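In: attaching a predicted model along with its sequence, questions to come.
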Amino acid sequence: MTTIEAYDMKIRKKVTMKNPKPYLMKNGSWALKGTSSATGITLFKIVGKKPSLSHSKLDYLKNMFTSRKCECDKFC
């Protein structure tokens, strides 16, 4: 996996991001959300296009609403 760098406001320098995950913002733009390797605070890096990391928020929501089990023991 590639290392992603983001600016840490607490120590005022770029650090590597731990556990980066895609995040869909309210305005429709994509960002990466993770934690700082130095201080442990939450970091955001706006990327514009959908990043190609696994387990995005949109995929999670699709799976949550499409793979529910109905009362009739079928997947609805």
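Out: Cool, got the structure. Because the structure is a prediction, the values reported are computed rather than measured. Residues are numbered from 1 along each chain as shown.

In: can you give me the helices for this structure?
Out: 57-66 (DSSP state H).

In: hey, which strand is longest across it?
Out: With residue count as the measure and DSSP state E as the assignment, the chain has strand 13-24 as its longest strand.

In: show me what counts as buried in that strand.
Out: Along strand 13-24, these residues count as buried under the neighbour rule (16 or more other C-beta atoms under 10 Å): 15, 17, 20-23. For every residue, glycine as well, the C-beta is placed using N, CA and C.

In: closest to residue 32 among those?
Out: The nearest member of these to residue 32, counting by C-beta to C-beta, is residue 20 at 4.6 Å.

In: residues contacting the closest one?
Out: Listed by C-beta atoms under 8 Å, 6 or more residues apart in numbering, the contact partners of residue 20 are 4, 32-34, 45, 51, 53.

In: please tell me how far it sits from residue 52.
Out: Look at residue 20 and residue 52: by C-beta to C-beta, to the nearest Å, they are 11 Å apart.

In: same deal with residue 44?
Out: As for residue 44, its distance to residue 52 is 18 Å (criterion: C-beta to C-beta).

In: the two: who's more crowded?
Out: A side-by-side neighbour count of residue 44 and residue 52, using other C-beta atoms under 10 Å, places residue 44 first with 14 against 7.

In: roughly how far does that one sit from residue 10?
Out: Taking C-beta to C-beta as the criterion, residue 44 is separated from residue 10 by 14 Å.
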